[in-house]
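S.K.: I'd like to go over a predicted model; first the sequence, then the structure.
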Amino acid sequence: MNMTQSKWSVGDIPDQSGRTAVVTGANSGLGIATVESLARAGAHVVLAVRDPRRGEAAAATVRGQGSIEVRRLDLADLASVHEFATGWQGDLDLLINNAGVMNIPEATTKDGFEMQFGTNHLGHFALTNLLLPHITDRVVTVSSGAHKMPGSPYIHFDNLNLTGEYSPITAYSQSKLANLLFTLELQRRLAAAGSPVRALAAHPGWAATNLQGHDSSALRRAFMRVGNRVIAQDNKAGALPTLYAAVEDLPGASYVGPDGFGEMRGGPTLVGRSAAASDPASARRLWMASEELTGVPFPEPAVSVRGQ
């Protein structure tokens, strides 16, 4: 374990003045903790949220040298994703794909996709590609240790919506595996295009947020409540891997998580991923399927970083 990395904190975030960041799912949990830290470091942070009223209430609690803006974004509705991206003007230094749903009862997005895969992966896939011509530094996508849950999660390419075989845990694990495969293929495409933009991923370990409260199982919700009290980090500590991936000089396709036992808590450090999450062939196949489902292709990315 790298002790320097284990001691990394928000105080190590370099000056973010003049930089713009978008954080999805930014009104609570890991999202608002990420917003607070970036704003304190001087960034202009856009809270991309499904409910602007809740976003404005969250934004009112943020203090810092930077500035805050709230924009509506519903990742479960591709029309909303297009509207958000079409309305974007100017450069975007940092996109943090943080929003997500976890272990919910079976449901579909407005476009008919399984809700967890549609929100956690496809919504962010479309958003990233639509914004990519504006992005000048990096994309950080929040995954989860659940991508390697017992049972070896894999992408159900023949049934991405899990029709007739839905399980909340299977759907969540698939979506988090998709996040890592998306990051892998995005980085490959960026490098091939000669772009300096980097794609990275992070996971918070076990962080006490409201995400677990939507679990479809009462037994799992009870277990989560106990775990939140006994094991979990708070949302500020849980956001550290995302922030580390967002501001430190790391190689593209890096994956950051906590350095403690089982990667459940601790300081941010580079961590490993499952074999399924490291397979370039699966990453390319998922990308092509995602392009077909969303109708959003890989665009011409930014080719130079502002100020360099």
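M.R.: Yep, that arrived.
S.K.: contacts, neighbours, all on C-alpha from now
M.R.: Will do.
S.K.: quick one: the helices in the chain?
M.R.: Along the chain, the segments classed as helices by DSSP state H run 3-6, 29-40, 52-59, 78-86, 115-116, 124-131, 168-192, 218-230, 235-238, 240-247, 280-294.
S.K.: shaky segments in the stretch 101-250 of the chain?
M.R.: Under the criterion pLDDT under 70, the flagged ranges of the stretch 101-250 of the chain are 150-152, 206-232.
S.K.: and with 80 instead?
M.R.: Filtered on pLDDT under 80, the stretch 101-250 of the chain yields the residue ranges 149-153, 206-235.
S.K.: can I get the CA coordinates of stretch 180-188 in PDB?
M.R.: Provided in PDB are the C-alpha atoms of stretch 180-188 (Å, rounded to 0.1, in the frame of the first residue of the first chain):
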ATOM      1  CA  LEU A 180     -15.700  -0.200 -16.400                       C
ATOM      2  CA  LEU A 181     -15.900  -1.600 -19.900                       C
ATOM      3  CA  PHE A 182     -17.200   1.800 -21.100                       C
ATOM      4  CA  THR A 183     -14.200   3.500 -19.500                       C
ATOM      5  CA  LEU A 184     -11.800   1.000 -21.100                       C
ATOM      6  CA  GLU A 185     -13.100   1.400 -24.600                       C
ATOM      7  CA  LEU A 186     -13.600   5.200 -24.300                       C
ATOM      8  CA  GLN A 187      -9.900   5.500 -23.300                       C
ATOM      9  CA  ARG A 188      -8.900   3.300 -26.300                       C
END
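S.K.: chain center to it: distance?
M.R.: Computed by Cα atoms, centre = their mean, to the nearest Å, the chain-centroid distance of stretch 180-188 equals 13 Å.
S.K.: got the contact list for that stretch?
M.R.: With contact meaning Cα atoms under 8 Å, 6 or more residues apart in numbering, stretch 180-188 is reached by 125, 141, 143, 198-201, 252-253, 277-280, 282-284, 286-287.
S.K.: make it 6 Å
M.R.: 199, 253, 277, 283 (Cα atoms under 6 Å, 6 or more residues apart in numbering).
S.K.: repeat that for stretch 288-302.
M.R.: For stretch 288-302, the external contacting residues (Cα under 6 Å, 6+ apart) are 126, 129, 132-133, 136.
S.K.: among the contacts of stretch 180-188, which two are most distant?
M.R.: A199 and A277 (14.5 Å; Cα to Cα).
S.K.: the more surrounded of those two?
M.R.: Neighbour totals were compared for A199 and A277, and A199 leads with 30 against 24 (other Cα atoms under 10 Å).
S.K.: may I have the beta-bridge partners of the more buried one?
M.R.: V139 (DSSP bridges).
S.K.: my read: it touches D137, true?
M.R.: No: applying Cα atoms under 6 Å as the test, A199 and D137 come out as separate, 9.0 Å apart.
S.K.: OK, contacts around A245?
M.R.: Applying Cα under 6 Å, 6+ apart, no residues contact A245.
S.K.: could you check how far M264 is from S173?
M.R.: Between M264 and S173 the computed distance is 16 Å (Cα to Cα, to the nearest Å).
S.K.: same check, this time on L47
M.R.: 26 Å.
S.K.: what do you get for G164?
M.R.: 17 Å.
S.K.: and the two? which has more neighbours close in?
M.R.: It is S173, of G164 and S173, that has more neighbours when counted by other Cα under 10 Å, with 27 against 7.
S.K.: let me see the contact set for the more buried one.
M.R.: By Cα under 6 Å, 6+ apart, the contact list for S173 reads 146-147.
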